[in-house]
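Q: Show me the folded form of this:
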Amino acid sequence: MEKFTTLRGVAAPLPMVNVDTDMIIPKNFLKTIKRTGLKDGLFYEMRWTADGQKKDFILDQPAYQNAKIIVSGPNFGCGSSREHAPWALLDFGIRCVISESFADIFYNNCFQNGLLPVVLKADEVQALIAVLDRHFADPAGGAYFTTADDAADLIVRSKHCHDNAAPAGNGTLVGVFARLWILTGEARWHDKARRQVAAFAGELESNFFPLMTLLNGYETLQSAVELVIVGDPSSPQTEALRRAVYDRSLPDKIVRRTSPSATLPTGHPAAGKGLVGGRPALYVCRNLSCEAPITDPAAIAL
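A: Model (predicted):
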């Protein structure tokens, strides 16, 4: 395994939620136990059509063909526990994946194979969005341009929210803003999400089929379920609650793990809630209110 010290390289955006291991490397490429030769299968179904024609996938675009970093959405590496997933990424040249969260087994497999998974916290995401606002935002029409304001030889700056081989950035940002609103409790993120949708309202009325990422983000804004786990991270009881939560399929779930001494944002529905009888507890929050706490993992019904 190559020693990991400092990494400098191109970062390719892959603004998708729940990138599972079958998307990373399909099952028909799992017949080998060699770690080389897997790059051809990396993101195969997103890179190739059924008749063998190449799609316009981000890693095949000239600017990102030598990318060493992938920046993606939450729950990266979910699905089956195939070690071929980090092998394929490494064989392609990817050394680091940045995401809001990772599936546990994939996360551990990365460290075992020299691939660095980096988790960004909410405040770090906000710092990146500040850069996005400064260089890509369209203050007049809303949403974001696909090129920065300081790009060389720029004639026209365009923007769109149509999904292609990779989901559209403008669509993905609706979900990002929605999650930041729920995690921080700051109304400005809710407003940014609504303005993002409003910028493409006309396109939604005429043809919504290529706008699924934007619509999924709007669904998160309207009906996300936040699952707040309060407990000592090292406690087996806390870990049991966490595993039970991630075993449930709930596309719009947002999981927050917090210690008993932590303070949630003012106005958050779980603010002031803590352990129950000295035991870790799960609070299921919808529409700015929380249900009764759950301490038994077997009692979780989402």
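Q: chain center to stretch 136-150, what's the gap?
A: 22 Å (C-alpha atoms, centre = their mean, to the nearest Å).
Q: repeat for stretch 151-160
A: With C-alpha atoms, centre = their mean, you get 27 Å for stretch 151-160.
Q: Not counting it itself, show me its contacts.
A: Here stretch 151-160 makes contact (C-beta atoms under 8 Å, 6 or more residues apart in numbering) with Asp138, Gly141, Ala143, Tyr144, Phe145, Thr146, Thr147, Asp149, Ala168, Asn170. No exception for glycine: its C-beta is placed from N, CA and C like everyone else's.
Q: Filter those residues down to just the ones in strands.
A: Among these, no member falls in strands (DSSP state E).
Q: Export those to a markdown table and append columns for distance to Gln65, neighbour count and pLDDT.
A: Formatted as a markdown table, the contacts of stretch 151-160 follow (distance: C-beta to C-beta, whole Å; neighbours: other C-beta atoms under 10 Å; pLDDT from 0 to 100):
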| residue | distance to Gln65 | neighbour count | pLDDT |
| --- | --- | --- | --- |
| Asp138 | 29 | 13 | 94 |
| Gly141 | 32 | 9 | 91 |
| Ala143 | 28 | 22 | 94 |
| Tyr144 | 24 | 19 | 93 |
| Phe145 | 23 | 20 | 92 |
| Thr146 | 18 | 13 | 87 |
| Thr147 | 19 | 15 | 87 |
| Asp149 | 25 | 11 | 89 |
| Ala168 | 21 | 22 | 88 |
| Asn170 | 24 | 27 | 93 |
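Q: okay, now the domains of this structure?
A: The chain breaks down into these structural domains: 11-119, 123-223, 225-299 (assignment by automatic domain parsing).
Q: Can I get those in TSV including distance to Thr5?
A: Listed next are the domains of the chain as TSV, based on distance: least, C-beta to C-beta, whole Å:
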stretch	distance to Thr5
domain 11-119	11
domain 123-223	22
domain 225-299	28
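Q: Show me the helices in the stretch 151-300 of the chain, by range?
A: In the stretch 151-300 of the chain, helices defined by DSSP state H, counting those that start in this stretch lie at 169-184, 187-198, 201-206, 212-223, 236-246, listed in chain order.
Q: quick one: contacts of the fourth one?
A: Residues from elsewhere that reach helix 212-223 (C-beta under 8 Å, 6+ apart): 15, 17, 161, 163, 167-168, 170-179, 181, 190, 193-194, 196-197, 200, 204, 208, 251-252, 254, 286.
Q: Enumerate the positions of it that are buried.
A: Thr213, Leu214, Leu215, Asn216, Gly217, Tyr218, Thr220, Leu221 (16 or more other C-beta atoms under 10 Å).
Q: What would that helix look like as CSV? C-alpha coordinates only.
A: Extracted in CSV, the C-alpha atoms of helix 212-223 (Å, rounded to 0.1, in the frame of the first residue of the first chain):
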residue,chain,number,x,y,z
MET,A,212,-35.2,14.7,-10.6
THR,A,213,-32.3,15.8,-8.4
LEU,A,214,-33.9,19.2,-7.9
LEU,A,215,-37.2,17.6,-7.1
ASN,A,216,-35.6,15.2,-4.6
GLY,A,217,-33.9,18.1,-2.9
TYR,A,218,-37.3,19.9,-2.6
GLU,A,219,-38.8,16.7,-1.1
THR,A,220,-36.0,16.8,1.5
LEU,A,221,-36.9,20.4,2.2
GLN,A,222,-40.5,19.6,2.7
SER,A,223,-40.5,16.2,4.4
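Q: Nice, that's everything, thank you.
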